[in-house]
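# Whatever this is, show me its structure:
(one chain, ligands or ions: 1)
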Amino acid sequence: MSMVYDEYGRPFIILKEQQSKNRVKGIEATKSNILAARSISSVLRTSLGPKGLDKLLVSPDGDVTITNDGATILQEIQVDSQVAKLMVELSASQDDEIGDGTTGVVVLAGALLEQADHLLRKGIHPIRIAEGFERAAGVAMKRLEEISEKMDINSNDHEALVTTAMTTLSSKIVQQNKRMMADIAVKAVLNVADLERNDVNFERIRMEGKTGGSLEETTIVNGLVIDKEISHPQMAKVIENAKMCILTCPFEPPKPKTKHKLEISSKEAYEKLYQNEQQYFRDMVQKVKDSGANLVICQWGFDDEANHLLLQNQLPAVRWVGGVEMEHIAMATGGRIVPRFEDISASKLGTAGRVREISFGNTSERMLVIEDCASSSAVTVLVRGGSKMLVEEAKRSLHDAMCVVRNLIRDNRVVYGGGAAELACSLAVSEYADTVTGVDQYAIKAFAEALEDIPLALAENSGLSPIEEVAAAKARQVKENSHLIGLGLDIEANEEGFHSADMKEHGVFETLCGKQQQLQLAAQVVKMILKIDDVISMGSYQ
Ligand code: ADP
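Have a look, this model is predicted:
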């Protein structure tokens, strides 16, 4: 495609014949974009809620992921359409900011686009729709604030935090152990939280997974867990009051940097060289011992000879520790990373109350636990599970739960789930629509209807009859709104009849900031899609 100007300076576009096929304009473009984006949201719709289904994704190199986390699903799917990629990014940005609600945001955006499609068919201009949606989103955001309630997160039992974390976990594979997992998430976050500044440093929370065992064996360790073992089986496995030397230099004699050749012509010369090497090792070990260290953490390896020497000197060691782990160890134990042997000194050692090696069942796999670290309040969650897929999904779920707890520490307001918040907003927006004259009214009404799609999807995924359930819940909200702001769908109940219930009583909490972010992001992306009226793909000759 090229843009050229005529003699009056008016621009026009020249498209080659083959390329003209790759250009869509006007309402057609908007409609095809809506279709592409909705194809993404319809994938996620069945994954919404506690009874939502999981997706099994196989990557090109055969890795299998089973998850119902929206952001993870979309990350793994290969999407061609640029507009569909906007939906992927939508989910990713909800994940970055909030960490939870990644399915909900895409389902909401999909519902808005479906409504927009109806309005386009009625002949309403995309811009009018986008503006109507924006006004409606403003009203919904306000309503969310009105119905939110403050939680007392400083009270000692932290029940509010646990309940909110449990709501997030209830839609994940780990739901059977959700109480335990929620407790772990809350403990981990509170351990590193700065309650005065209302902030949480996630870098201090490490998550390690080990296949084997069951989810119930997942534990939280007050310190670090490193997937390494002590280098010799006969070395001490528990080191109390550990003083560790954190080395990034290898345990071996230095090698000249240039290419070299060493000629040994006699037995004596060989022996001398051997003695020298031995002496070098001995000096190194002595240096470490002199500094007062009783554990060596080494980024590089050392050979059997050095290993043996370390054993003789009763100096337990760990080799091949990764760079990131080295940094974490140094940070947590207050030690300094030592790049050269000459630099070893007592002041550079890291200290920890106890370092121990743990083993799992009757496998030969071992891990190193560094507890009661001197300097920071680092914690590690050690996730166990029957398979790698389960461990990975449990890690993702715990991460979501921790994000929710962090969000609640930052802003302690919650709204109620199970579609309660969406229904309340839908009613408010619908009421507002009646006061608006002009075409925008249709778009605002449509926004209200789109909000109902969340409870509809929740009911549908649980095998209930969606329209009847949502209509009943809505009718109750209208009647009892003044004192029951948490009226939503209790889809976990198995009784006959309608399932509308007070979600506050059932402990289905969601953070206000998460819900607001969902509304805002979904409205933004829909507006962006509606404003595209020309899709020109360049360079794809056929
Ligand atoms: P997301 O990735 O968007 O968090 P989820 O699959 O976790 O999606 O589902 C979240 C939705 O499920 C929310 O709308 C929440 O209100 C709802 N939900 C969670 N637990 C319950 C419950 N026990 N009863 C009813 N709805 C619930």
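
# Show me the residue of the stretch 151-300 of the chain that gets nearest to the ligand, please.
Using CB to the nearest ligand atom, the single residue of the stretch 151-300 of the chain nearest to the ligand is S171, 3.5 Å away. Every residue, glycine included, has its C-beta placed from N, CA and C.

# and that residue, that's in a helix?
No: counting by DSSP: H, G, I helix; E, B strand; the rest coil, S171 is not found in a helix; it is coil.

# Distance check, it against V415.
As judged by CB to CB, to the nearest Å, S171 and V415 stand 17 Å apart.

# Could you give the secondary structure assignment for the residue nearest to the residue of the stretch 151-300 of the chain closest to the ligand when sequence neighbours are not counted?
Nearest residue to S171, sequence neighbours excluded (CB to CB, 6 or more residues apart in numbering): P50, at 4.7 Å. The three-state label given to P50 by three-state DSSP is coil.

# Thought L489 was touching P50, still the case?
No: using CB atoms under 8 Å, P50 makes no contact with L489, being 10.6 Å away.

# neighbour count winner among the two?
More neighbours surround L489 than the other of P50 and L489, with 30 against 20 (other CB atoms under 10 Å).

# excluding its backbone neighbours, what's nearest M151?
Nearest to M151 is A160, by CB to CB, 6+ apart, at 3.8 Å.

# I'd like the next helix or strand past the helix or strand of the chain with the lowest mean pLDDT.
Lowest by mean pLDDT, DSSP states H and E among the helices and strands of the chain is helix 17-20, with a mean of 61. Counting by DSSP states H and E, the next helix or strand C-terminal to helix 17-20 is strand 23-25.

# surely the residue nearest to M151 meets E149?
No: at 9.8 Å, A160 does not count as touching E149 under the criterion of CB under 8 Å.

# what do these two both touch?
Residues touching both A160 and E149 (CB atoms under 8 Å, 6 or more residues apart in numbering): V414.

# hmm, back to that, pLDDT value on the residue nearest to M151, please?
Looking at A160, its pLDDT stands at 84.

# Apart from its chain neighbours, what residue comes closest to T219?
Once flanking residues are discounted, T219 sits nearest to L382: 5.3 Å by CB to CB, 6+ apart.

# and if you look at S465?
Nearest-residue entry for S465: A459, 7.2 Å, with adjacent residues in sequence omitted and distances by CB to CB, 6+ apart.

# Which strands and helices lie in contact with the helix or strand encompassing the one you found?
A459 belongs to helix 453-461 when assigned by DSSP H and E. When contacts are defined as 3 or more CB pairs under 8 Å, 6 or more residues apart in numbering; DSSP states H and E, helix 453-461 packs onto helix 102-121, helix 420-435, helix 466-480, strand 487-489.

# can you put the ones you listed in CSV and add distance to the ligand and mean pLDDT?
As requested, those are arranged in CSV below (distance: least, CB to the nearest ligand atom, whole Å; pLDDT from 0 to 100):
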stretch, distance to the ligand, mean pLDDT
helix 102-121, 3, 94
helix 420-435, 7, 92
helix 466-480, 11, 87
strand 487-489, 6, 84
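
# Surely S359 and L368 touch.
No: using CB under 8 Å, S359 makes no contact with L368, being 11.0 Å away.

# can you tell me how far the residue nearest to S171 sits from S214?
Distance of P50 to S214, given as CB to CB: 21 Å.

# likewise R476?
Noted for R476: a distance of 41 Å to S214, by CB to CB.

# Same drill for those two, tell me which one is more crowded.
The neighbour comparison of R476 against S214 (other CB under 10 Å) goes to R476, with 18 against 11.

# and the residue nearest to T219, that's in a strand?
Yes: assessed by three-state DSSP, L382 belongs to a strand.

# That one reaches G223, doesn't it?
No: contact between L382 and G223 fails when scored by CB under 8 Å: they sit 11.0 Å apart.

# about what we covered before: which one of the helices and strands packed on helix 453-461 is the most hemmed in?
strand 487-489 (a mean of 29; mean count of other CB atoms under 10 Å).

# That one pairs with which strands, and in what direction?
With DSSP bridges as the test, strand 487-489 is paired with strand 500-502 (antiparallel).

# So which residues make contact with the partner strand?
Residues from elsewhere that reach strand 500-502, judged by CB under 8 Å, 6+ apart: 416, 418, 469, 472-473, 476, 484, 486-490, 493.

# Try it again at 10 Å.
With CB atoms under 10 Å, 6 or more residues apart in numbering as the test, strand 500-502 has contacts from 416, 418-420, 423, 455, 469-477, 480, 483-493, 508.

# Kindly report the same for stretch 475-488.
Under CB under 10 Å, 6+ apart, the answer for stretch 475-488 is 146-149, 414-424, 426-428, 431, 454-455, 458, 470, 473-474, 498-506, 508-509.

# switch the cut-off to 6 Å
Residues outside stretch 475-488 that contact it (CB atoms under 6 Å, 6 or more residues apart in numbering): I147, Y416, G418, G419, A420, L423, S500, D502, M503, K504.

# Of all those residues, the one with the weakest confidence?
S500 (80).

# can you tell me how far that one sits from L349?
Using CB to CB, one gets 62 Å for the distance from S500 to L349.

# Looking at the residue sitting furthest away from the middle of the chain now. What's its pLDDT?
Distance from the C-alpha centroid of the chain, by CA atoms, centre = their mean, peaks at S266 (63.4 Å). As predicted, S266 sits at a pLDDT of 91.

# so is D183 in a helix, a strand, or just coil?
With three-state DSSP as the criterion, D183 reads helix.

# Give me the neighbour count for it.
Neighbourhood size, D183 [other CB under 10 Å]: 17.

# Tell me the secondary structure at the closest residue in space to it that isn't next to it in sequence.
Once flanking residues are discounted, D183 sits nearest to V162: 6.1 Å by CB to CB, 6+ apart. For V162, the assignment made with three-state DSSP gives helix.

# For V162, grab the count of nearby residues.
Neighbour tally, V162, other CB under 10 Å: 21.

# What of V79?
The number of residues near V79, taken as other CB under 10 Å, comes to 15.

# Please look at it and L86 and confirm they touch.
No: V79 is beyond contact range of L86, at 9.6 Å (criterion: CB atoms under 6 Å).

# Identify each of the helices in the stretch 151-300 of the chain and give its residue range.
For the stretch 151-300 of the chain, applying DSSP state H, counting those that start in this stretch gives helices covering 159-169, 178-192, 267-290.
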